[in-house]
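Asker: how would this look folded up:
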Amino acid sequence: MATTTLISVDEYLKTSTHPDCEYVRGVLKERAVPEYNHAIWQEAILAWFRAHKSEWGVRALPELRVQVADDNYRVPDVTILSSSAPREQVVTHPPLAVFEILSPTDAMTEVMEKLGDYQEMGIAAIWLINPKKEPKKPSCYVYSSGHLTPAAIFELPGTAFQVAINDIAALID
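Answerer: Residues are numbered from 1 along each chain as shown. Sure thing, here's the model as predicted:
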């Protein structure tokens, strides 16, 4: 039987690991080490949003710590923030959107738990991308109420903001 060592939030925030671990109710959770297909999708999402940052008033940041609850810190692959959002070293206000990109070693039960944490924080747009073996033809899903729904258009609820996932995929060479 495996044992778990609990640590405090303060200890976690002083911990430096690569890739950054997540902190869930006193337990450090290792994140999957990204592979090529994961990395090129992360790069494409960041490039697309950065190219439109002035137009839409957004900032796209990789692997930024987000405090989803008092005792729960997650690290989305890409976090989309409003340009007017406070500039926090650790995000405590709900981002506009987050993207998670699956790695081959990700366990879906843990991914679904993480997506649920984002929704509980109040994040309006939660996306999961599975680049599989054909990174230009990923499976894309939007998360809501414990379910993943296939989607091809990224939207921010309550806004006219939309982009076809194929437009982002076009940035992958």
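Asker: what's around the nearest residue to S83 once chain neighbours are set aside, how many residues?
Answerer: Ranked by CB to CB, 6 or more residues apart in numbering and with sequence neighbours excluded, the top spatial neighbour of S83 is G57, at 4.4 Å. All C-beta atoms are positioned from the backbone trio N, CA, C, and that covers glycine. For G57, the count of nearby residues is 14 (other CB atoms under 10 Å).
Asker: OK, contacts around G57?
Answerer: Contacts for G57 were tallied using CB atoms under 8 Å, 6 or more residues apart in numbering; they are 82-84.
Asker: now swap in L128 and tell me
Answerer: 99-102, 111, 115, 140-143, 148.
Asker: closest to K29 among those?
Answerer: V111 (11.6 Å; CB to CB).
Asker: right, and the closest one touches S103 too?
Answerer: No. Contact status for V111 versus S103: not in contact, 9.8 Å apart, counting by CB atoms under 8 Å.
Asker: what's the closest non-adjacent residue to Y73?
Answerer: Per CB to CB, 6+ apart, closest to Y73 is Y23, 4.2 Å.
Asker: beta partners for the one you found?
Answerer: When bridges are called by DSSP bridges, Y23 pairs up with L28, Y73.
Asker: gap between it and L148?
Answerer: Between Y23 and L148 the computed distance is 24 Å (CB to CB, to the nearest Å).
Asker: between those two, point out the one with more neighbours.
Answerer: Y23 (23 against 19).
Asker: picking that back up, now, the contacts of L128 that are in helices?
Answerer: Those of the contacts of L128 mapping onto helices are 111, 115, per DSSP state H.
Asker: list the contacts for the residue nearest the centre of the chain?
Answerer: Centroid-nearest residue in the chain, with CA atoms, centre = their mean: P76, separated by 2.8 Å. Contacts of P76 were listed using CB under 8 Å, 6+ apart, and they are 63-64, 66, 95, 98-100, 118.
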